[in-house]
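> fold the following and give me the result.
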Amino acid sequence: MWVFRLTSLELALLIFGIVLGGTALGVFLGRRVRHLSGDLKEPFGVLQAALLGVVGLILAFGLSLAVTRYEDRRASVVAEANAIGTTYLRAQTLQEPARSKSLALLTRYTERAVELSDTVPGSEGERAAAEREELLQRRLWALGGQAIEAEPVASAPRLYIETLNEMIDAQGVRVAALNNQVPIAVFLLELVGAALALGLLASYLALLGRGVLAVALAALLVSFLLLVIADLDRPTRGMIRVPDTALRDELASMRLPPAAAPPSPGGELSGGLTP
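Numbering: from 1, shown residues only. Predicted coordinates:
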């Protein structure tokens with residue numbers, strides 16, 4: 001969505017420009033028709049009060065949806081990091097050469113997962129990063145199949161394949177969560193509705209000849225709220241980002257020596273930890 005590909009400064013200028021512009025226009029119109037205050041005061045008051053109530057509900061609903069999507073994205077990052085970590089541990093129980101090849105590919109896969117956190121959802125960069133992950137998934141799955149073929153009755157390859165499948169599913173959930181954004185029509189409704197409501201409020205107060213400073217402060221507050229709502233829907237850029245700490249920590253642990261030594265030809269681990 002083009003709105004969410006803007007930089008933080010561009011997005012702030014867009015929101016503040018429209019909301020404050022609508023408010024300023026309302027003040028101007030209210031002062032121009034102040035001589036008609038006797039006739040316009042009551043209808044303006046009713047209209048702006050009703051519109052402010054509707055816009056308030058829309059903003060509250062939009063903020064609730066944005067926070068929910070933000071929490072879902074954070075959870076998907078942790079779930080993917082946990083799935084990768086479990087797969088990496090179980091890969092250490094495979095026989096060579098599948099063990100070494102799988103561990104190296106899983107490290108590269110985690111690097112690609114971290115790179116995905118720096119791409120804009122829906123962009124060419126994100127699609128390219130996801131495709132690189134999917135290519136590594138295919139190679140890992142092929143190695144898992146070879147490990148099962150080499151040891152048809154062993155439990156280690158089967159446990160590894162199980163968590164590898166969970167890791168692939170977790171990546172799909174994370175990509176879907178990153179691209180789950182509020183429709184542009186909803187965002188524009190919030191933005192234009194807020195500008196119109198504040199404009200009517202400014203006109204009403206200017207018509208009465210008081211409270212212009214208060215409505216200007218209200219316009220700033222609503223603009224900040226709209227900026228926060230929009231920023232929550234920009235998971236990889238802006239002021240509020242979805243943290244990828246879990247993935248980075250997992251990558252750091254992968255760069256250490258494996259916790260479990262290679263299994264012996266008989267299928268038992270020669271030392272270290274068992275996942």
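> distance between whatever helix or strand residue 79 lives in and the chain's centre?
Assigned by DSSP states H and E, residue 79 belongs to helix 37-91. Relative to its parent chain, helix 37-91 has a centroid offset of 12 Å by CA atoms, centre = their mean, to the nearest Å.
> list the buried ones in whichever helix or strand comes after that helix?
Following helix 37-91 in sequence order, the next helix or strand is helix 98-116 (DSSP H and E). Across helix 98-116, burial judged by 16 or more other CB atoms under 10 Å covers 98, 99, 101, 102, 105, 106, 109, 110, 112, 113, 115, 116. Using the backbone N, CA and C atoms, a C-beta is placed for each residue, glycine as well.
> for residue 147, see how far away the first one is.
With distances taken as CB to CB, to the nearest Å, residue 98 is found 4 Å from residue 147.
> which neighbours do these two have in common?
Common contacts of residue 98 and residue 147 (CB atoms under 8 Å, 6 or more residues apart in numbering): residue 157.
> coming back round to it: could you tell me the angle between the helix holding residue 79 and helix 98-116?
Orientation check (axes from the mean of the first three to the mean of the last three CA atoms, to 10 degrees): helix 37-91 against helix 98-116 gives 170 degrees.
> pLDDT averaged over helix 37-91 - what is it?
For helix 37-91, the mean per-residue pLDDT is 81.
> what's the answer for stretch 165-184, then?
Across stretch 165-184, the per-residue pLDDT values average to 88.
> ok, the residue lying closest to residue 156 once chain neighbours are set aside - how many residues close by?
Take residue 156 and drop its neighbours on the chain: the residue closest to it by CB to CB, 6 or more residues apart in numbering is residue 93, 4.1 Å away. Residue 93: 23 surrounding residues under other CB atoms under 10 Å.
> restricting to C-alpha, output stretch 237-247 in PDB.
Taking Å, rounded to 0.1, in the frame of the first residue of the first chain, the C-alpha atoms of stretch 237-247 are listed here in PDB:
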ATOM      1  CA  ARG A 237       9.900   1.000   9.300                       C
ATOM      2  CA  GLY A 238       8.900   4.200  11.100                       C
ATOM      3  CA  MET A 239       8.900   4.900  14.800                       C
ATOM      4  CA  ILE A 240       7.100   1.700  16.000                       C
ATOM      5  CA  ARG A 241       8.800  -1.400  14.500                       C
ATOM      6  CA  VAL A 242       8.200  -5.100  15.100                       C
ATOM      7  CA  PRO A 243      11.300  -6.200  17.000                       C
ATOM      8  CA  ASP A 244      13.300  -9.100  15.500                       C
ATOM      9  CA  THR A 245      15.400  -9.600  18.600                       C
ATOM     10  CA  ALA A 246      14.400 -13.200  18.900                       C
ATOM     11  CA  LEU A 247      15.700 -14.000  15.400                       C
END
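> and which of the buried residues of helix 98-116 is nearest to residue 29?
Proximity to residue 29 was ranked across those by CB to CB; first place goes to residue 116, at 48.3 Å.
> from residue 130, how far off is the closest one?
Distance of residue 116 to residue 130, computed by CB to CB: 7 Å.
> pretty sure residue 139 contacts residue 105?
Yes - applying CB atoms under 8 Å, one finds residue 139 in contact with residue 105, separated by 5.8 Å.
> okay, and the common contacts of residue 116 and residue 130?
Residues touching both residue 116 and residue 130 (CB under 8 Å, 6+ apart) are residue 175.
> how many neighbours does residue 59 have?
When neighbours are counted by other CB under 10 Å, residue 59 registers 18.
> that one contacts residue 228, doesn't it?
No - if you go by CB under 8 Å, residue 59 and residue 228 don't touch, sitting 10.3 Å apart.
> stretch 25-32: how far from the chain's middle?
Chain-centre distance of stretch 25-32: 40 Å, with CA atoms, centre = their mean.
> ok, the nearest residue to residue 123 once chain neighbours are set aside - how many residues close by?
Once flanking residues are discounted, residue 123 sits nearest to residue 5: 6.9 Å by CB to CB, 6+ apart. Residue 5: 14 surrounding residues under other CB under 10 Å.
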